[in-house]
Structure formats: structure tokens, C-alpha cells
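Participant: Okay, sequence plus prediction incoming.
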Amino acid sequence: VQLVESGGGLVQAGGSLRLSCAASGIFSGILSMGWYRQAPGKQRELVAKITSGGITNYADSVKGRFTISRDAAKNTVYYLQMNSLKPEDTAIYYCNSQIDRGATFSYWGQGTQVTVSS
């Protein structure tokens with residue numbers, strides 16, 4: 001299983017970015033896909049998650065600004081649309097997949113840096 005993120009970068013406050021996560025090696029059993037972030041000196045935190053049934057949940061800090069979605073044509077590509085970005089959104093963003101293989105396994109991408117300047 002491999003998760004590859006892309007789409008990070010430097011943006012001014014108020015701007016937008018769209019992150020992509022391409023999953024390979026997964027043929028079935030996806031329970032959820034999620035985006036997490038980790039800022040310097042802070043713990044990794046959940047940003048947004050979508051279940052295989054399409055149920056989404058978001059961190060309070062990003063509700064109304066970020067949207068997680070799944071590519072309609074490619075079940076293994078997920079996006080995080082980030083609007084109205086704030087400097088406090090600056091972090092490394094990681095894609096995560098929870099897969100049912102008898103037990104639940106968690107897989108992580110390598111991360112992509114998002115920097116929001118004020």
C-alpha cells in the first residue's frame with residue numbers, strides 16, 4: 001500500500017490550495033481516508049476524514065473552509081480542498097488510509113508541506 005500526497009505549497013492568507021492523495025496497492029476494504037496535519041512542536045491532528053460510505057467529519061478549526069472528497073472516477077484518489085487559508089493552517093499534511101484486512105491497518109503518506117503567509 002502506498003499513499004502519495006501532492007498539491008502543497010506556499011500561499012497567502014485567504015488563498016486556496018487543493019491537496020491530492022493517490023493510493024495504490026489497495027483493492028478493497030477501505031474503511032476511511034483522512035487528512036491529518038502536524039505543525040512544528042505540535043501533535044499530529046485530524047483535519048478531515050471520509051468513510052467508505054461517504055460520511056465526512058472535520059476538525060472544528062477547518063469546518064466551512066476545507067472539504068474532503070473522493071474522485072468520482074478513481075476510487076483511490078482523494079482530495080482536500082482548502083479555502084480561506086490562515087497562517088495557523090501551516091503544517092505538514094498527511095494522507096491516511098484505514099483498511100480492513102481482518103484487523104484494521106493504518107497507512108500514511110510521506111506528507112506535503114503547506115505554508116500560509118500572513
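Facilitator: Perfect, thanks for sending it. Numbering: from 1, shown residues only.
Participant: Neighbours of the closest residue to Val114 other than its chain neighbours, how many?
Facilitator: What sits nearest to Val114 in space, not counting adjacent residues and going by Cβ to Cβ, 6 or more residues apart in numbering, is Gly8, at 4.8 Å. Backbone N, C-alpha and C define where each C-beta goes, glycine included. A count of neighbours around Gly8, defined by other Cβ atoms under 10 Å, yields 19.
Participant: Check the one 10 residues further on too.
Facilitator: Close neighbours of Arg18, defined as other Cβ under 10 Å, add up to 14.
Participant: Please apply the same query to Met82.
Facilitator: 26.
Participant: Beta-bridge partners for it, please?
Facilitator: Partner residues in beta bridges with Met82: Leu17, Phe66, with DSSP bridges as the criterion.
Participant: isn't there a helix covering Ala72?
Facilitator: No. Secondary structure of Ala72 (DSSP: H, G, I helix; E, B strand; the rest coil): coil, not part of a helix.
Participant: Do you know the pLDDT at it?
Facilitator: The predicted local distance difference test score for Ala72 is 80.
Participant: measure the residue nearest to Ser118 when sequence neighbours are not counted to Thr67 for me?
Facilitator: Distances taken as Cβ to Cβ, 6+ apart place Pro87 nearest to Ser118, at 4.7 Å, with adjacent residues excluded. From Pro87 over to Thr67 the distance is 20 Å, taken as Cβ to Cβ, to the nearest Å.
Participant: Please identify which of these two sits among more neighbours.
Facilitator: The residue with the greater number of neighbours, taking Pro87 and Thr67 and applying other Cβ under 10 Å, is Thr67; the counts read 16 against 11.
Participant: No further queries at this time; thank you.
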